[in-house]
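Colleague: Here is the input, now give the coordinates:
(4 chains)
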There are 2 protein chains.
Amino acid sequence: MAKLEFEPIVDTTRRAEIVARLRRAILTGQLEPGQKVNELRISEQMGVSRAPLREAIRELVQEGLLTNIPYAGAYVINVTAKDIADAYGLHHALEDFAIERVWPLRNETFAVELNRRHAQVKQATLALDTTRQIETALSLHSLIYEWADNALLLDTWQRLARRLQMYFALHQQARNEPVPAVDMHEDYVRLLKGADMAAAKRHAREHIDWDFEELLSYAHSLETNRK
Amino acid sequence: MAKLEFEPIVDTTRRAEIVARLRRAILTGQLEPGQKVNELRISEQMGVSRAPLREAIRELVQEGLLTNIPYAGAYVINVTAKDIADAYGLHHALEDFAIERVWPLRNETFAVELNRRHAQVKQATLALDTTRQIETALSLHSLIYEWADNALLLDTWQRLARRLQMYFALHQQARNEPVPAVDMHEDYVRLLKGADMAAAKRHAREHIDWDFEELLSYAHSLETNRK
DNA sequence: TATTGCTAGATTGTCGACAATGTGATTGAT
DNA sequence: ATCAATCACATTGTCGACAATCTAGCAATA
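Modeller: Numbering: from 1, shown residues only, chains lettered A, B, ... in the order given. From the prediction side, this is the model:
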């Protein structure tokens, strides 16, 4: 008899769907930083009442994507250069820790999944689909966190990853250039499959720094625009 | 003219008050792990309607203190030995990072605040007030995160600190002994004021390990109880 | 006996209406 | 003209009621 496994049934509430849509709107920059989330307007657009929408807003506030001011409203978080720098500082710390933890847990399945996600990045890069490029790159980077066997670390990473996704989307949106059509992950993937952990850490650090440098121009424009 | 500073006005909504009360109930173990949060019952006890209570529940779910199953209810998170181990693994990583960042930012005010919080710990220890002992110890440990000048790191720590607070409270509740009436923070405080960062890191690591060892007996009882 | 289908009760999810609060314009006094 | 008081208006916060769903127990059937 074949071993058949079923996936759990998921997301049967309006609230969950609302959260997903709002989150996506924020992470893709459709809802801009600082913009107000008007409950009545959005609930009417989505065809739901304010109750599940408000519950969704509470979740996103806790996720750190919205801020709330009592009796004034919920606003998409603002992005400053310091926010971006903070995110990358934390990214460094988590990445080191994740690599250490994942190192002895790697196996053939890990390598296969690493290749699969890397292929997705390359595909999105070739297709010049920038939104998907960001998503797939973060998915690739998520792998070590998923395999590090630490639920709290994974949760922390996912919160951070959402911030990064937002920053990249805004950055890409700000400069209207196509996108870097090269893929920077060859070394990252190769080193994660290798035997030299120190080298992997070093490269991850450089890789993160490289991404950060990329965002700096956008971060700079934020500061100048504010004046 | 004396420099007078006002504290911000706080918590004008029922929701915020409900969140605070529920969180406290969970972190002190009054709401036990696995216990169901019955909306109707609690809303009647608190004298509020279900709407703000439900919004509060959403926040606590995102905070990681509750889990939610659609149409079934919200439950206080269960605690396993692995959860505790995960928390301490992450604690290690964050502590290292925080010490590095806070090191060049320390000044006289930092030292004064460090002493102040340490005094609170000693006071709670003398008074045999275990709940307050846990709170003040975590407050002491929070200082380096507050001074590290990284909002995301601070946020991450606060989420972790709440888990730790819960674990300690449950641990203390499980064994009915009075409490360790000794204070372990003398060296911690001294090294944080000193010049040897490596030594501070090393000690913090040992200190965290010591706390973890302390929790292991409780973690063990969890596993055996489950059988 | 084991399994399926049904029913009643309890609980969560959602809705529409009302209360509380903030905001900006208007008025009026000095 | 300036400033304070007032007043609509819009928006958020809260409430009570209803709809959708789950669970446990019992009956029916093989």
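
Colleague: Close to DNA strand C: what parts of chain A are there?
Modeller: A:13-15, A:47-52, A:55, A:70-72 (C-beta under 7 Å from any atom of the strand). Backbone N, C-alpha and C define where each C-beta goes, glycine included.

Colleague: are any of those buried, and which?
Modeller: A:14, A:15, A:48, A:51, A:52, A:55 (16 or more other C-beta atoms under 10 Å in any protein chain shown).

Colleague: Farthest-apart pair in those, please.
Modeller: A:48 and A:55 (10.7 Å; C-beta to C-beta).

Colleague: ok, and the closest non-adjacent residue to the residue in chain A that chain B sits nearest to?
Modeller: The shortest separation between chain A and chain B is 3.3 Å, found at residue A:62 (distances taken as C-beta to the nearest C-beta). Nearest residue to residue A:62, sequence neighbours excluded (C-beta to C-beta, 6 or more residues apart in numbering or on different chains): residue B:62, at 3.3 Å.

Colleague: What helix or strand is the one you found located in?
Modeller: helix B:50-63 (DSSP states H and E).

Colleague: average pLDDT across that helix?
Modeller: For helix B:50-63, mean pLDDT is 96.

Colleague: how about the helix or strand that that helix is followed by: buried residues?
Modeller: Where DSSP H and E defines the elements, the next helix or strand beyond helix B:50-63 is strand B:66-69. Neighbour counts over strand B:66-69 (16+ other C-beta under 10 Å) mark B:66, B:68 as buried.

Colleague: Strand B:66-69 and chain A in contact?
Modeller: No - using C-beta under 8 Å from any C-beta of the partner chain, we find that strand B:66-69 stays clear of chain A, coming within 9.5 Å at best.

Colleague: Given that strand, what are its sheet partners and their directions?
Modeller: Strand B:66-69 sits in its sheet next to strand B:73-76 (antiparallel), going by DSSP bridges.

Colleague: what comes into contact with the strand it pairs with?
Modeller: B:26, B:31-39, B:57, B:60-61, B:65-69 (C-beta atoms under 8 Å, 6 or more residues apart in numbering or on different chains).

Colleague: hmm, 6 Å instead?
Modeller: B:26, B:31, B:33, B:35, B:36, B:37, B:57, B:66, B:67, B:68 (C-beta atoms under 6 Å, 6 or more residues apart in numbering or on different chains).

Colleague: Residue ranges in chain A under the pLDDT threshold?
Modeller: A:1-11, A:176-181, A:224-227 (pLDDT under 70).

Colleague: If you count contacts, what does the top helix by length along chain A end up packed against?
Modeller: Assignment by DSSP state H gives helix A:197-226 as the longest helix of chain A. Other helices and strands packing on helix A:197-226, by 3 or more C-beta pairs under 6 Å, 6 or more residues apart in numbering or on different chains; DSSP states H and E, are helix A:81-102, helix A:151-174, helix A:186-193.

Colleague: nearest to residue A:204, of the ones you listed?
Modeller: Using C-beta to C-beta, the nearest of the helices and strands packed on helix A:197-226 to residue A:204 is helix A:81-102, at 5.0 Å.

Colleague: Which other helices and strands does the closest one contact?
Modeller: helix A:130-147, helix A:151-174, helix A:197-226, helix B:81-102, helix B:151-174.

Colleague: Domain boundaries for chain A, per the record?
Modeller: A:14-76, A:81-226 (automatic domain parsing).

Colleague: Quick check: neighbours shared by residue A:48 and residue A:55?
Modeller: Between them, residue A:48 and residue A:55 share no contacting residue, judged by C-beta under 6 Å, 6+ apart.

Colleague: burial measure for the closest residue in space to residue A:173 that isn't next to it in sequence, as a count.
Modeller: Nearest non-adjacent residue to residue A:173, counting by C-beta to C-beta, 6+ apart: residue A:29, 4.8 Å away. Around residue A:29 there are 20 other residues, counting by other C-beta atoms under 10 Å in any protein chain shown.

Colleague: need the contact list for residue A:98.
Modeller: With C-beta under 6 Å, 6+ apart, residue A:98 has these contacts: A:144, A:145, A:148.
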